[in-house]
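Novice: please work out how this folds:
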Amino acid sequence: MSSKANQPLKSIEEIARYVFLTSAGMNMEAFEKVLAYCADDILMDWPYRAPNAPDKIKGKDACRAFFQSVVGLMEFTLTVDNVLVDERQNTTVLLGHSKGKNARTGRPYANRYVMIFVFRNGLITEWHEYVNPLAAMAAESTA
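Specialist: Alright, predicted model coming up:
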């Protein structure tokens, strides 16, 4: 059984904003705070992704393992542009953007995000992230 983090977040909009902005920390401590708002059976997926990146990850442990493999690759800030909430469907759609760089190459990184969070009992059960994989690939390139 998952437990919510000690943060006093009450609405699914607050949780969606917190999860999005905290994930910019790109470190395991920050990601553990994010996972505290996720159900044990969370589904994360990226319909558009870089080569060799998974399209779907199921479960907290698998999400944690994946994040450990990419932690520290990018240094960036995230900005929330808009959040749409459908309380009847327990769903939020978050629009945002990032600006930063690839930590290894120093090349600039900027992206736009559409993130759909589906909730059950105050925890995220589905995390769908639409992001341009070409931006990450360009920042990773050394050519």
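Novice: what's the helix or strand for Leu94?
Specialist: Assigning secondary structure by DSSP states H and E places Leu94 in strand 91-102.
Novice: by contact count, what packs against that strand?
Specialist: If you count contacts as 3 or more C-beta pairs under 8 Å, 6 or more residues apart in numbering; DSSP states H and E, strand 91-102 packs onto helix 12-22, strand 74-86, strand 108-120, helix 133-140. Every residue, glycine included, has its C-beta placed from N, CA and C.
Novice: the first one: what's the following helix or strand?
Specialist: Using DSSP H and E, the next helix or strand after helix 12-22 towards the C-terminus is helix 28-35.
Novice: how about that next one: buried residues?
Specialist: Neighbour counts over helix 28-35 (16 or more other C-beta atoms under 10 Å) mark Ala30, Phe31, Lys33, Val34, Leu35 as buried.
Novice: verify the stated contact: Leu84 with Val93.
Specialist: Yes: using C-beta atoms under 8 Å, Leu84 is in contact with Val93, at 4.4 Å.
Novice: between the two, which one's more packed in?
Specialist: Ranked by neighbour count (other C-beta atoms under 10 Å), Leu84 and Val93 place Val93 first, with 16 against 12.
Novice: surely the more buried one meets Ile116?
Specialist: Yes: using C-beta under 8 Å, Val93 is in contact with Ile116, at 5.3 Å.
Novice: confidence score at Gly25?
Specialist: Listed pLDDT for Gly25 reads 62.
Novice: what about Tyr48, how many residues nearby?
Specialist: 12.
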